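Participant: Turn this into a structure:
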Amino acid sequence: MKLLILGGTAWLGHQTAAAAVSAGHEVTCAARGTSGKPPAGAAFLQIDRDADDGLASAADRHWDAVIDVSRQPGQVRRAVRGLRGAADFYVFVSTGNVYASQREWGQDEDAALLAPLTDDVMGSMENYGPAKVACEQAVTEGFGSGSRAIVRSGLIGGPGDTSGRSGYWPLRFARGGRVLVPDVPRQPTQLIDVRDLAQWLVQVAEERTAGVFNAVGDTVPFAEHLEAAAAVAGPPGVAAVAVPAPARWLREQDVNEWSGPRSLALWLEDPDWHGMNARSNARARQAGLQLRPLRQTLADTLAWEEAAGVARPRGAGLTQAEESELLALLDAVGAGLSGK
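Facilitator: Predicted coordinates for the structure are as follows:
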């Protein structure tokens, strides 16, 4: 298969290109080249997707399939216009953020979507969902529903996850001692390994599996996610003990949810967002998506985190000083927090 990957130098794109090369395909990564290099065995085509004719060098060749991960509607519209006559099948990697509601558990691909962004450029992450809706529409209008796959990914984790969302908990438990955790044992978490997603994207392109799919992991309660993280951390020098803190108290201490500075990774207090981590993946599984066990993903992510440097800054979690301060405050209020 002659496969064109629009990108292929950053995390998911690079993993996808590597999976395609390993499967014996002829892979070309088309990008500016500022985010890194394509994997060994893949060709590189320098392009500028923001230029009106930026894909001209790709449009004069034939491609069995294209895989696109862009979030900018203008880039996708230009790609569809330029490649419509050059490619047989188009795989677009979208997101679960396209759905109008993130509250309901178990929603499938037929759930209502947000209104599409009308601009060519997504100016901020607040427009991420609408921008991806616009991208999806452009692909469907250009290639038709029978020659395209829309893959709505959930939270991606695994080795190389610089966001810190999948690495924070196993790394923290590996350090040992008292581990501050949000007291939300039943809150859903849903993580797909980047390697599983990449492998399946290649399979979808190979088999020309048309449709719309939620490419998400299995839903796991927060308590089970923490148990898995603790299990893969192994026996630390000082035993790790989870110390639950009420969500209300954490908010009062300016601890952030989900990711970013001074956060507890994957914590989402607002039930209006819990459905984001509890979507149905039945359709994707029926189409061949295979998921490795969560423990394997977390163990491999821990190994990658440790190799990358334990002391380096991360995109999610508490610093050691922040956690120590919070644990001391939690000890001070003690039993008075019960039930809050």
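Participant: Could I get the buried residue list for stretch 293-301?
Facilitator: Of the residues in stretch 293-301, 294, 297-301 count as buried by neighbour count, 16 or more other Cβ atoms under 10 Å. All C-beta atoms are positioned from the backbone trio N, CA, C, and that covers glycine.
Participant: Among these, which lie within helices?
Facilitator: 294, 297-301 (DSSP state H).
Participant: Which parts of the chain are helices?
Facilitator: 11-22, 56-59, 73-83, 128-143, 168-175, 194-207, 222-233, 247-252, 282-286, 294-308, 320-333.
Participant: who wins for proximity to T28 among the ones you listed?
Facilitator: Closest approach to T28 among those (Cβ to Cβ): helix 56-59, 7.6 Å.
Participant: what mean pLDDT would you report for the closest one?
Facilitator: The average pLDDT for helix 56-59 rounds to 95.
Participant: what about the nearest residue to Q320 once chain neighbours are set aside, neighbour count?
Facilitator: Spatial nearest neighbour of Q320, excluding adjacent residues (Cβ to Cβ, 6 or more residues apart in numbering): R175 at 7.9 Å. The tally of other residues near R175 (other Cβ atoms under 10 Å) stands at 15.
Participant: My guess is R175 contacts A240. True?
Facilitator: Yes - when contacts are counted by Cβ atoms under 8 Å, R175 is listed as touching A240 (7.5 Å).
Participant: mind checking pLDDT for the most centrally placed residue in the chain?
Facilitator: The centroid of the chain falls nearest to I156 when counting by Cα atoms, centre = their mean (2.6 Å). If you check I156, the pLDDT there is 98.
Participant: now swap in G334 and tell me
Facilitator: pLDDT at G334 comes out at 79.
Participant: what's the distance between it and D254?
Facilitator: From G334 over to D254 the distance is 20 Å, taken as Cβ to Cβ, to the nearest Å.
Participant: and what of N127?
Facilitator: 27 Å.
Participant: Just want to know which of those two has more residues nearby.
Facilitator: N127 (19 against 9).
Participant: contacting residues for that one?
Facilitator: By Cβ atoms under 8 Å, 6 or more residues apart in numbering, the contact set of N127 is L117.
Participant: Next: A210.
Facilitator: 89, 145-149 are the contacts of A210 under Cβ under 8 Å, 6+ apart.
Participant: Hmm, I5 is touching V21, no?
Facilitator: No - look at I5 against V21 with Cβ under 8 Å: they stay out of range, at 10.3 Å.
Participant: buried residues in stretch 228-240?
Facilitator: Quick answer for stretch 228-240 (16+ other Cβ under 10 Å): 228-230, 232-233, 240.
Participant: Please state the offset of it from the chain centre?
Facilitator: Stretch 228-240 sits 25 Å away from the centroid of its parent chain (Cα atoms, centre = their mean, to the nearest Å).
Participant: what's the span of it, first residue to last?
Facilitator: 13 Å (Cα to Cα, to the nearest Å).
Participant: repeat for stretch 111-130
Facilitator: Per Cα to Cα, stretch 111-130 runs 15 Å from first to last residue.
Participant: Sort out which residues of that stretch are buried, please.
Facilitator: 111, 113-114, 116-117, 122, 127-130.
Participant: Can you tell me which of the residues you listed is closest to R186?
Facilitator: Looking across the buried residues of stretch 111-130 and measuring by Cβ to Cβ, the closest to R186 is A111, at 22.2 Å.
Participant: Need the pLDDT of the residue nearest to Q320.
Facilitator: Looking at R175, its pLDDT is 94.
Participant: E227 versus that one, what's the distance?
Facilitator: 17 Å.
Participant: Quick check: E136 touching V98?
Facilitator: Yes - under the criterion of Cβ under 8 Å, E136 makes contact with V98 at 6.8 Å.
Participant: Next up, the contacts around the closest residue to V216 other than its chain neighbours.
Facilitator: Leaving aside its sequence neighbours, V216 sits nearest to G154 (Cβ to Cβ, 6+ apart; 3.4 Å). Neighbour list for G154: 96, 190-192, 214-217, 276-277, 279 [criterion: Cβ under 8 Å, 6+ apart].
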